[in-house]
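Trainee: no sequence on hand, only this structure:
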């Protein structure tokens, strides 16, 4: 089977938001955090302004 799923930590969520403000791409953030680009994209979509 594949790797187990783990939730993003508060620190990872903060790093994603800071990276977004800096203009970094989801792929850049994913590589830096060691996460899937899809995970980062979903987190960004969840927290996007309406």
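Mentor: That came through fine. Computed from a prediction, not measured in an experiment: that's the story for all the values here.
Trainee: for residue 21, give me the pLDDT.
Mentor: On pLDDT, residue 21 comes in at 96.
Trainee: what secondary structure does it sit in?
Mentor: helix (DSSP: H, G, I helix; E, B strand; the rest coil).
Trainee: ok, it - contacts?
Mentor: Not one residue lies near residue 21 by C-beta atoms under 8 Å, 6 or more residues apart in numbering. Backbone N, C-alpha and C define where each C-beta goes, glycine included.
Trainee: go on, residue 39?
Mentor: Residue 39 neighbours (C-beta under 8 Å, 6+ apart): 8, 30.
Trainee: now do 7 Å
Mentor: Listed by C-beta atoms under 7 Å, 6 or more residues apart in numbering, the contact set of residue 39 reads residue 30.
Trainee: and residue 14, by the same measure?
Mentor: Here residue 14 is in contact with no residue (C-beta under 7 Å, 6+ apart).
Trainee: got it, and residue 19?
Mentor: Per C-beta under 7 Å, 6+ apart, neighbours of residue 19: residue 29.
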